[in-house]
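Novice: What shape does this take:
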Amino acid sequence: MRREKSRAIIIPFIGGKDVMPITGYFGPYPHDYEGFPNYFTEDIFQKIADAGINLMVYSAADYHTQPEFVEMNLMFGEKYGVGVFVTDNSIVEGDGAQTITAEVAIKKMELFKDRKAFCGMYVVDEPTATYYCDTNGSRLISKYEKASKVLQQDLNQLCYINLLPVINLETETRVNYERYVNEFCDTLQPKVVLWDMYPFDKNREGKMEVYFYNMDVIRKAADDRNLPFWAFIQAGSQWNDNWNEFETTTPYFPNEEQFNWNVNTSLAFGAQGIQYFPLVQPYQFTITKEGDYECNGIIGAMGNKTQWYYYAQTVNRHIKAIDKVLMNSTHKGVIASGEQAKRDLEFTTCVIESESFNELQSVSGNALVGCFNYQGKTALYVVNHSFEHVQNIKLEFEGVQNLQVIQKAKEADVSTRELILDMAAGEGILIVIQQSRRRN
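Specialist: Numbering: from 1, shown residues only. Alright, predicted model coming up:
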């Protein structure tokens, strides 16, 4: 197999070409709400770094109106190795955003563009199209075309520009969604394709085919343009963007197995970046009659570590052990093994129908196997597709193979023609075939 050039985005500040961006949306944010802590502290940034998160894409602090808070993000980010995307709404919002020039934008960026922790610009989250999720035309994709071009093409900045998810799998919805994704990519020309889809929601329970269809559309759009994609990961539930008090109605909170499954299925589909939502629980997500300060966020609204903090810390340790391979690989497709996996991937286009790939002859068990070209070698990312049960997943190879196996951040070398993996629910294991051996 020939070497192929990886599409991964390289961010020098977080470690360069071998380090996967592990990001968070809603970093420390300014507020004046009584009883809530100051999030711009060394303690918060130490927690972010200790969780294994190396990039913060949004914090609700606008450099145009609140530069002091952005400065603190950059200062603490530099100290703790957490890259920062900066929001400056004088560049990306308002009437000026559609007439901004590179000369004007670079002038506005003078005060922060050379800071070590500065890694990119925040442009927009979930712009709409007239035929897809638009209500009043205020956030149409076209509104951000000029600012996106200036920042990305003229000034060579990495930008956060994020897509809406698909709503359902009705034919008309799918046609409009794919049209929307292509318009977004062709108009805004992102350097990395981003979208958010949260699978563990009471309205989506048991409907994982929507999740995989959405990821496949994004993967294909990125693949067609020779771009990488990053996947959002659900840290909690009960989002409250309307800022209205409501009664808790048994929200669906992902447990550790589901959380890991969300991460690992994304990696199997070729994601070269992970984004946790939310990073710090924003104030409006606490507004319930009960006042819930831990229903979402890697870090809760009181600055505390939530259950998802520990889940993220563990899976990020595993990502750190495997990201050199995934960041330097090209994705070639996914093997779906078992009835449930096949049903869930019914609407995807990247399934390898033969259920074999290079030296891998077959897979047994309810599993997804991401197939990669790693610098001319075969790499496989095996995921236990069940987030409820442990499984033994069996891989059979063409002859005895020398394998590098990385499980739970630990590496082992194995020579075999039949590998049986004892896998926890939702777990992912990386396998790199080092060198083929002759058959016995």
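Novice: Settle this for me: Phe40 is touching Pro28, isn't it.
Specialist: Yes: taking contacts as C-beta atoms under 8 Å, Phe40 lies within contact range of Pro28: 5.1 Å. Where you see a C-beta, it was placed from the backbone N, CA and C, and this is true even at glycine.
Novice: Going by secondary structure, Ile319 is in what exactly?
Specialist: Assigned by DSSP states H and E, Ile319 belongs to helix 307-327.
Novice: From the contact counts, what lies against the helix or strand following that helix?
Specialist: Downstream of helix 307-327, the next assigned helix or strand under DSSP H and E is strand 329-337. Using 3 or more C-beta pairs under 8 Å, 6 or more residues apart in numbering; DSSP states H and E, the elements in contact with strand 329-337 are strand 360-364, strand 367-374.
Novice: Only alpha carbons, please: show strand 329-337 as PDB.
Specialist: C-alpha atoms of strand 329-337 as PDB (Å, rounded to 0.1, in the frame of the first residue of the first chain):
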ATOM      1  CA  SER A 329      -3.400   8.400   8.300                       C
ATOM      2  CA  THR A 330      -6.000   8.600   5.600                       C
ATOM      3  CA  HIS A 331      -9.400   7.000   6.200                       C
ATOM      4  CA  LYS A 332     -10.500   4.300   3.600                       C
ATOM      5  CA  GLY A 333     -13.800   3.200   5.000                       C
ATOM      6  CA  VAL A 334     -15.700   1.300   7.700                       C
ATOM      7  CA  ILE A 335     -16.500  -2.400   8.200                       C
ATOM      8  CA  ALA A 336     -19.800  -3.000   9.900                       C
ATOM      9  CA  SER A 337     -19.900  -6.400  11.600                       C
END
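Novice: excluding its backbone neighbours, what's nearest Lys202?
Specialist: Of all residues not flanking Lys202 in the chain, Tyr252 sits nearest, at 4.7 Å (C-beta to C-beta, 6 or more residues apart in numbering).
Novice: my guess is that neighbour contacts Gln234, does it?
Specialist: No: with contact defined as C-beta under 8 Å, Tyr252 does not reach Gln234; the gap is 9.3 Å.
Novice: Overlap in contacts, those two.
Specialist: Phe200 (C-beta atoms under 8 Å, 6 or more residues apart in numbering).
Novice: Of the two, which one has the most company?
Specialist: Gln234 (24 against 17; other C-beta atoms under 10 Å).
Novice: residue contacts, that one?
Specialist: Shown in contact with Gln234 (C-beta under 8 Å, 6+ apart): Tyr198, Pro199, Phe200, Pro254, Phe259, Asn262, Phe277.
Novice: Over to Val210?
Specialist: Here Val210 is in contact with Val166, Asn168, Leu169, Met197, Pro199, Arg204 (C-beta under 8 Å, 6+ apart).
Novice: For those residues, could you give me CSV that also reports pLDDT, distance to Gly77 and secondary structure?
Specialist: CSV is the format used below for these (pLDDT from 0 to 100; distance: C-beta to C-beta, whole Å; DSSP: H, G, I helix; E, B strand; the rest coil):
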residue, pLDDT, distance to Gly77, secondary structure
Val166, 96, 33, coil
Asn168, 92, 39, coil
Leu169, 94, 40, coil
Met197, 94, 27, coil
Pro199, 93, 30, coil
Arg204, 61, 34, coil
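Novice: which one of the residues you listed is nearest Arg115?
Specialist: Met197 (32.4 Å; C-beta to C-beta).
Novice: And the pLDDT for the nearest residue to the closest one once chain neighbours are set aside?
Specialist: Spatially, and ignoring its direct neighbours in sequence, Met197 is nearest to Pro165 (4.0 Å; C-beta to C-beta, 6+ apart). Here the pLDDT value assigned to Pro165 is 96.
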